[in-house]
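Enquirer: would you be able to build a 3D model of this:
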Amino acid sequence: MAQVQMPFNWKDAELVDFKVVNEDWQYYNLSDKSKIRVKLVLGQVWRSTTQYDNLGQPLYVWNSQNITALVSFPSTFRGEPTNLPLTPDMVAQSIDEVVEFETSGKQDEWSAYTFVDGSKLRLRLNLTSIARTKLRGQAGEPIYNVSGGVPNYRLTVSPSLIKKLDKQITTSDSKSSIYR
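Expert: Coordinates of the predicted model:
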């Protein structure tokens, strides 16, 4: 089912605290013989107090980020450390080689969270590309640029938050929803 996006009403949104149920590292074998791990971490969650989807569920918006760590690499990749503060732009402009990648170990891992309002969220990484850069870390190790799309998600809204909708006033706008 396609979701139509509508502007999220930040003015009437509330922060929702959450408990981490599961945030495991995902391991990836790279075609250049290196291995990395990536963890998806949830940052903040907001719930609208005035906007609902066509099922009467309040709209949620969240942010997350990916933490990346090098696990192993061929010794021939070691070089002189890059002695500059690294910025995302610098990393993106220093691509040396785009590498293929495949999941190592457990597959289809989801990060899981329980919100204090009783709702539950599961997120899964959605990596789109990995590239080795010409940059080197403090020990001379290669630095990789890992790019991802919007994480896959599954949101289960607490039944106590679902609003009964009057079917006579349902419009195409009330069928819109937003999730990030």
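Enquirer: thought residue 145 was touching residue 96?
Expert: No. With contact defined as CB atoms under 8 Å, residue 145 and residue 96 do not form a contacting pair (9.6 Å). C-beta here means a position set from N, CA and C on the backbone, and glycine is covered the same way.
Enquirer: intersection of neighbour lists for those two?
Expert: For the pair residue 145 and residue 96, residues contacting each of them under the criterion CB atoms under 8 Å, 6 or more residues apart in numbering are 131, 133.
Enquirer: these two: which has the busier surroundings?
Expert: When neighbours are counted by other CB atoms under 10 Å, residue 145 and residue 96 differ, and residue 145 comes out ahead with 19 against 16.
Enquirer: what about the more buried one, is that helix, strand or coil?
Expert: In terms of secondary structure, residue 145 is strand; the call rests on DSSP: H, G, I helix; E, B strand; the rest coil.
Enquirer: from residue 81, how far off is it?
Expert: Here the distance between residue 145 and residue 81 works out to 17 Å (CB to CB, to the nearest Å).
Enquirer: now do residue 143
Expert: With distances defined as CB to CB, the gap from residue 143 to residue 81 amounts to 10 Å.
Enquirer: in stretch 38-58, what's buried?
Expert: Applying a neighbour-count criterion of 16 or more other CB atoms under 10 Å, the buried positions in stretch 38-58 are 38-40, 42, 45-48, 51-53, 57-58.
Enquirer: what do you get for stretch 78-89?
Expert: By neighbour count with 16+ other CB under 10 Å, stretch 78-89 contains the buried residues residue 82.
Enquirer: show me what it is in contact with.
Expert: Here stretch 78-89 makes contact (CB under 8 Å, 6+ apart) with 90, 135, 136, 137, 138, 139, 140, 141, 142, 143.
Enquirer: give the helix, strand or coil label for the first one.
Expert: Put plainly, it is residue 90. helix.
Enquirer: what sits against it?
Expert: Taking CB under 8 Å, 6+ apart, one finds 84, 135 in contact with residue 90.
Enquirer: cool, the fourth one as well?
Expert: Contacts for residue 137 were tallied using CB under 8 Å, 6+ apart; they are 70, 81, 82, 143.
Enquirer: longest strand in the chain, by number of residues?
Expert: Ranked by number of residues, the top strand in the chain under DSSP state E is strand 35-52.
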